[in-house]
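>>> Fold the following, please.
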Amino acid sequence: MYDLLVVGGLGVDVRVRVPGLPLPVVDSVTVDPIDLRIGNTGAGVVLAAHALGLRVAVVDTVGTDPAGDVVRAALARTDVHAVLADDPAGTRRSVNLVDPDGRRMSLYDPRPGGPPPFTVARLSALARDATHVHLSIMGWVRDLLPDLGDVVGEGIGTSTDLHDWDGRNPYHRPFAEIAELVLISGTALGDHAARVAAALAPRPVLVTRGADGADLHLGGTVSRVPAATAPGPVIDTNGAGDAFAAGIVAARRHGATWAEAAGYAARVAAAACTHDGMEYPADLLPRE
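Numbers count the residues shown, from 1 in each chain. Okay, the predicted model is just below:
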């Protein structure tokens, strides 16, 4: 039995430390060593949840390429149960530009989409062996959502992170409608966050705002979730939102209310920002 099944979202990150954002328009800029490592949103949730002591499984596609080898090797260093299909389009990848304050700009290459690599029956078997399912907004996952509604129903918690959804793009809506918990970045929503959250009621909606914390929309009320103080210097904010999602799942697994879970998740996200990359060392993320 797994505490968490993450569906989709594996890839690699090419991390580049830059002197500032935006970059100057020049021929070249000398930077620190450029790293290639496991990344993307699904990996962030998987590895943070694993670091928090949850029993985790992940199902996704990965290319038979050097980037895919990086993903497989990172997962092999954990006890995460990985169910991977070969993707002929190659492994998804991002280039993350990170400034001295840990802020980042991500250039995302999702790779061309193809037909779903897994049957509904295969995903159903995995989901029924988990207490919570987190759905990454991959194209192949979206194609299967109409048939997954009955699977991730009673007895199985569900969540999704819509990232920078503007509240209108129809691509994201099926994920929001199937999930018990919806996370959204407040960057693109602006003043429309309350309207979008109300439209998704009665499910709880967490609008994340980075260093400004988050807003928990629940039952027609809005609760402020203050950002936690990082336990050390902020090195890399990439993956903080994914660690936040993992913290919510972990806290709810232990009986926390939504508000308590959000407060705990803020501390998990703050701790994640003090580490370079998503392969968190033991005892970095707070478990209490």
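
>>> And the helices in the chain?
All helices of the chain, identified by DSSP state H, fall at 41-51, 66-76, 120-127, 139-148, 173-178, 186-189, 193-199, 240-253, 258-272.

>>> Pick the most deeply packed of those.
For these, the largest average neighbour count (mean count of other CB atoms under 10 Å) is found in helix 41-51, namely a mean of 28. Glycine gets a C-beta too; all of them are placed from N, C-alpha and C.

>>> quick revisit: let me know which of the helices of the chain is the nearest to residue 86.
Judged by CB to CB, the one of those that comes nearest to residue 86 is helix 66-76, at 8.1 Å.

>>> Let me know the angle separating the closest one from helix 41-51.
20 degrees (axes from the mean of the first three to the mean of the last three CA atoms, to 10 degrees).

>>> Contacts for helix 66-76, please.
Contacting residues not belonging to helix 66-76 are listed as 10-12, 36-38, 43, 46-47, 58, 62, 82, 84, 87, 90-91, 93, 279 [CB atoms under 8 Å, 6 or more residues apart in numbering].

>>> Now that we have the residues you listed, which of them are buried?
Those of the contacts of helix 66-76 that meet the buried threshold are 10-12, 37-38, 43, 46-47, 58, 62, 82, 84, 87, 90-91, 93, 279, by 16 or more other CB atoms under 10 Å.

>>> Any stretches of the stretch 101-250 of the chain with poor pLDDT?
By pLDDT under 70, the low-scoring segments of the stretch 101-250 of the chain are 153-155.

>>> Now intersect the contacts of helix 66-76 with the strands, please.
Judged by DSSP state E, the contacts of helix 66-76 include 11-12, 36-38, 58, 62, 82, 84, 87, 93 as members of strands.

>>> which one of these sits closest to residue 113?
Looking across those and measuring by CB to CB, the closest to residue 113 is residue 87, at 9.7 Å.

>>> Perfect, I'm done here.
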